[in-house]
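Asks: Here's my sequence, what's the structure:
(one chain, ligands or ions: 3)
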Amino acid sequence: MNIQFQACGLILDVILIYFFLRHETVGLFSERIFRMSLVVNTICVILDIASIITIVSAVYLPAIVVTIVSKLYLVSLVGVAYLGFLYTSNDVRHLREDETLNRILKIVLGVEVFFVLALPIDFHHEGNIIYTYGFSTAVAYIFMAVFVLGAVLLTFTHSKYMNASRRNAIRAWMALEVLAAVLQNIFPQFQLIGFGSAVGLFVLYCELESPESYLDRVTGTFSYETLVLYLKQLFAEDRKFAGIVVCTEDSWKMDSEQENRILVEISEYLHSFSGAKLFRTFGNDFILIYDGKEAEKGLIESAINLDLIKARFQEPFDKGSMNVPAKFLYLPDPHIATDCDEYLEICRINKDEMTRDEMGRLLDEAAGSRIREQRRVRSEIVKALEEDRVEVHFQPIYSIEEQRFVSAEALARIIGSDGKLIMPGLFIPVAEEYGLIDQIGERVFEITCRTFREQNLREKGIKYVEVNLSVAQCENARLSDIYNKIMEREQVEPTSINLEITESSTLHYKNILLENMNALGRLGCSFSLDDFGTGESNLNYIVDMPVQIVKFDRTMVQDYFVNDRAKTVMRATVAMIKEIGLKIVAEGVETKEQLDAMEALGVDYIQGYYFSKPLQEKDFLKFIAARNMAA
Ligand code: C2E
Ligand code: MG
Ligand code: MG
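Replies: Ligands and ions are numbered 1, 2, ... in the order given. This is a model prediction of the structure:
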């Protein structure tokens with residue numbers, strides 16, 4: 001009997017099923033469809049063999065049996081092609097979730113099954129050459145062609161939704177099916193279709209669906225890429241799940257062999273919690289997802305496991321030789337996020353924010369809304385940058401010695417999409433978090449320089465403008481270059497610019513900051529130390545940094561009036577700063593009493609609501625014109 005090819009196809013399918021089932025699978029849509037394809041293809045090959053046997057033995061069997069077996073084979077053949085189409089369209093989310101398309105596909109499949117079963121079929125049996133023909137067979141081949149060509153077409157029309165290896169693997173699978181069908185038609189003695197399809201699935205397995213491709217190489221847990229696919233699916237299905245993120249501190253990196261050993265040990269330990277799926281996430285972190293059908297059970301299990309895991313990390317790893325400091329994020333409810341990106345962002349930001357002493361965080365609705373607000377502000381910033389809605393307001397700075405306004409601080413504002421002003425206290429931290437601060441800073445600097453030149457501020461008594469720099473900007477090695485270019489382009493003398501820096505515990509590259517300051521200083525820019533007197537700043541900084549001005553924070557001005565001790569400390573501080581030869585600006589001066597006190601202390605400049613709030617350009621010009629003229 002002519003069943004050698006089918007037998008080979010069957011063996012291939014069985015091997016594939018064996019390997020596929022040996023590994024734990026995440027349960028992605030594509031995995032499910034692939035598994036279904038394997039099963040249907042196996043059934044198809046078995047039915048192919050059965051149909052040949054029944055045709056050969058037709059004389060001994062009732063005609064209806066021969067007909068039914070052959071027709072079922074044809075139905076399963078189309079089934080494989082249908083799953084191929086489904087596998088391809090599944091890559092495109094809007095197709096996958098398109099109810100109408102899915103309904104149409106099911107109807108098409110139903111129509112096909114009806115016609116294949118209802119229409120007449122004929123059998124050809126002549127020596128080695130056995131095949132079916134007639135309307136039923138023709139319909140099956142037509143539908144098969146429709147699904148196969150449809151799948152291939154999708155890989156072209158929707159190519160931007162699929163990566164190259166997915167597109168190519170799907171095309172190879174479909175091409176093998178077509179090739180087998182064509183060859184079988186030319187050489188009917190070779191029963192190639194079932195075999196061709198099995199080879200196609202084999203290619204798909206090797207290229208895409210091998211469970212190995214979903215795993216992290218070092219730990220054997222599911223990889224970060226798999227986590228993203230999986231979370232997207234959980235959100236698309238609106239499933240309830242709990243998550244535990246185990247964040248191992250970045251500082252525990254040692255030689256990579258020991259690190260790998262410990263990572264494997266941690267992953268094996270975490271893997272022992274059977275109710276959860278384990279993924280490796282950012283760096284050396286892991287996440288356990290409890291996504292069982294019973295959400296309540298997952299919630300209880302995750303809460304219990306969290307305590308166990310915390311206790312385990314109190315003990316050393318690597319045969320008791322190595323402590324792995326870890327922090328934990330617990331997310332009992334996925335609905336704190338609206339999608340996968342937001343979920344991962346909530347995890348990432350909270351991980352970064354955790355302080356040294358924090359053991360972990362429970363991430364609830366509040367954590368979610370905070371991140372959503374940040375994302376809203378981020379998109380406001382991006383739009384404002386695109387649509388040129390960044391503004392600069394100027395707050396006049398008064399010189400006690402000269403009794404007039406000699407400078408101003410440039411303060412960033414954003415006009416929100418609703419037309420309302422967004423204050424820097426809201427958007428600067430978000431811009432820093434999302435890497436937008438360089439763009440904002442440059443835009444503010446550009447506007448400031450332009451205003452300075454176009455409005456001839458120097459002639460109006462403004463000797464220089466103070467512009468804020470963020471820590472992240474100071475750590476950008478190209479800062480001095482970029483700012484120099486802006487000053488050149490806007491034709492502003494560097495001596496007209498004073499840059500405000502702040503001391504910060506998040507400053508990692510002090511050397512880059514110093515290089516930037518030296519380069520800009522050589523050009524003629526001067527520097528202020530902002531926010532002096534707040535938690536972060538101390539006297540050491542004044543010693544280390546080439547600044548010419550120290551700006552007393554508003555809180556310091558207020559504290560002066562709290563008690564006599566504060567007065568004494570402030571007097572001594574002023575004396576010390578003056579002895580070094582630096583100037584002092586008192587910020588946040590709101591009353592005459594404060595102004596007098598600062599003047600008595602020996603402060604050089606006053607900035608605050610007592611004189612003026614930060615003003616729009618035109619109001620600032622009016623203010624300066626009126627006040628400096630009178631002076
Ligand atoms: P800062 O640099 O310390 O600026 C002084 C802040 O104090 C300004 O707030 C100003 O409006 C406010 N202020 C001044 N005088 C008084 C007063 O008498 N009473 C009160 N209650 N407040 C007063 P603003 O404009 O909201 O800016 C807040 C912070 O945002 C700034 O603090 C600065 O750190 C940051 N910032 C503003 N613009 C920029 C920018 O272009 N780049 C960067 N990196 N940061 C900026
Ligand atoms: Mg400032
Ligand atoms: Mg300040």
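
Asks: For S399, give me its contacts.
Replies: Neighbour list for S399: F405, V406, S407, D604, Y605 [criterion: Cβ atoms under 8 Å, 6 or more residues apart in numbering]. For glycine as for every other residue, the C-beta is placed from the backbone atoms N, C-alpha and C.

Asks: Those into JSON lines, with extra columns for pLDDT and distance to T221?
Replies: Formatted as JSON lines, the contacts of S399 follow (pLDDT from 0 to 100; distance: Cβ to Cβ, whole Å):
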{"residue": "F405", "pLDDT": "97", "distance to T221": "63"}
{"residue": "V406", "pLDDT": "97", "distance to T221": "63"}
{"residue": "S407", "pLDDT": "97", "distance to T221": "58"}
{"residue": "D604", "pLDDT": "97", "distance to T221": "61"}
{"residue": "Y605", "pLDDT": "98", "distance to T221": "59"}
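
Asks: Max pairwise distance over those: which two?
Replies: Pairwise distances among the contacts of S399 were taken by Cβ to Cβ; the largest, 13.2 Å, belongs to F405 and D604.

Asks: Out of the contacts of S399, the closest to G196 would be?
Replies: Out of the contacts of S399, the member with the shortest distance to G196 (by Cβ to Cβ) is S407, at 80.0 Å.

Asks: quick one: the helix or strand the closest one falls within near ligand 3?
Replies: Secondary structure assignment for S407, by DSSP states H and E: strand 404-415. No: using Cβ under 5 Å from the ion, we find that strand 404-415 stays clear of ligand 3, coming within 8.1 Å at best.

Asks: Would that strand count as contacting ligand 2?
Replies: No: using Cβ under 5 Å from the ion, strand 404-415 stays clear of ligand 2, coming no nearer than 5.6 Å.

Asks: Just checking: what are the partner strands of that strand?
Replies: Its sheet considered, strand 404-415 pairs with strand 390-399 (antiparallel), strand 421-422 (antiparallel), strand 464-468 (parallel) by DSSP bridges.

Asks: A118: which of those strands is closest?
Replies: When the strands paired with strand 404-415 are compared by Cβ to Cβ, strand 421-422 sits nearest A118, at 67.6 Å.

Asks: Neighbours of G419, how many?
Replies: When neighbours are defined as other Cβ atoms under 10 Å, G419 has 7 of them.

Asks: how far away is it from E380?
Replies: From G419 across to E380, the span is 12 Å (Cβ to Cβ, to the nearest Å).

Asks: And for I624?
Replies: From I624 across to E380, the span is 31 Å (Cβ to Cβ).

Asks: residues in contact with the closest residue to ligand 3 within the stretch 301-450 of the chain?
Replies: Closest residue of the stretch 301-450 of the chain to ligand 3, Cβ to the ion: E409 (8.1 Å). Listed by Cβ under 8 Å, 6+ apart, the contact set of E409 reads F394, Q395, I397, V465, E466, V467, N468, E500, Q607, P614.

Asks: For V139, state which of the contacts of S399 is nearest.
Replies: Of the contacts of S399, the one sitting nearest to V139 (Cβ to Cβ) turns out to be S407, at 85.7 Å.

Asks: before we move on, the earlier item: need the contacts of E409 in TSV (columns: pLDDT and neighbour count).
Replies: Converted to TSV, the contacts of E409 look like this (pLDDT from 0 to 100; neighbours: other Cβ atoms under 10 Å):
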residue	pLDDT	neighbour count
F394	98	28
Q395	98	21
I397	98	27
V465	98	24
E466	98	26
V467	98	23
N468	97	21
E500	97	19
Q607	98	25
P614	98	21
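
Asks: Could you export those as a markdown table, including distance to C44?
Replies: As requested, these are exported to a markdown table (distance: Cβ to Cβ, whole Å):
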| residue | distance to C44 |
| --- | --- |
| F394 | 77 |
| Q395 | 78 |
| I397 | 83 |
| V465 | 77 |
| E466 | 77 |
| V467 | 72 |
| N468 | 70 |
| E500 | 73 |
| Q607 | 81 |
| P614 | 75 |
